[in-house]
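**Q** I'll drop the sequence and a predicted model, then ask my questions.
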Amino acid sequence: MVKINKIYKQAAFIVIPLAIASAFIEPVKMPFGVLAGAVLALINFRGMIKNLYNLMGTDNPTVKLVFMSIVRLFMIFAVITALALLKAVNLLGLMAGFTVVVILVVKEGYVDSQSEPPEGPM
């Protein structure tokens, strides 16, 4: 299982200095965009984990799983659209923060898959 708290700590360790460094490019919008993108990615990741746990716990979770996934994606789309329309963030900063968290999730998933022996017969 991917360690969620480890991803949160690593994201904070990378995103905060990235936001500080991006303040030299554009003082207000860029750092806020980096932080907002990272927070949105972490919320999305947390929602995916919750949906996967619900998938494993029931016999027929397809309708609920699809509905919750669509709601989660719509909420993220609505937040990104609102931030963009209000011109509160730099979209490159938003994507940078989002990308950092996605790369961390992929890296931790890969490390976790390499550290545990496979279960069951192959």
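**A** Arrived safely.
**Q** distance between the top helix by length along the chain and the chain's centre?
**A** When the chain is parsed with DSSP state H, its longest helix is helix 29-57. Centroid separation for helix 29-57 versus its chain: 4 Å, with C-alpha atoms, centre = their mean, to the nearest Å.
**Q** list the buried residues of it.
**A** 29-42, 44-45, 47, 51 (16 or more other C-beta atoms under 10 Å). Yep, even glycine has a C-beta here, placed from its N, CA and C like the rest.
**Q** I'd say Gly37 and Leu91 touch.
**A** No. Assessed by C-beta atoms under 8 Å, Gly37 is found out of contact with Leu91, at 9.1 Å.
**Q** what's the pLDDT at the residue nearest the centre of the chain?
**A** Residue closest to the average C-alpha location in the chain (C-alpha atoms, centre = their mean): Ala41, at 2.2 Å. For Ala41, the pLDDT comes out at 93.
**Q** roughly how far apart are the closest residue to it other than its chain neighbours and Pro17?
**A** Using C-beta to C-beta, 6 or more residues apart in numbering and skipping the chain neighbours, the partner closest in space to Ala41 is Val101 (3.5 Å). To Pro17, Val101 is 14 Å away according to C-beta to C-beta, to the nearest Å.
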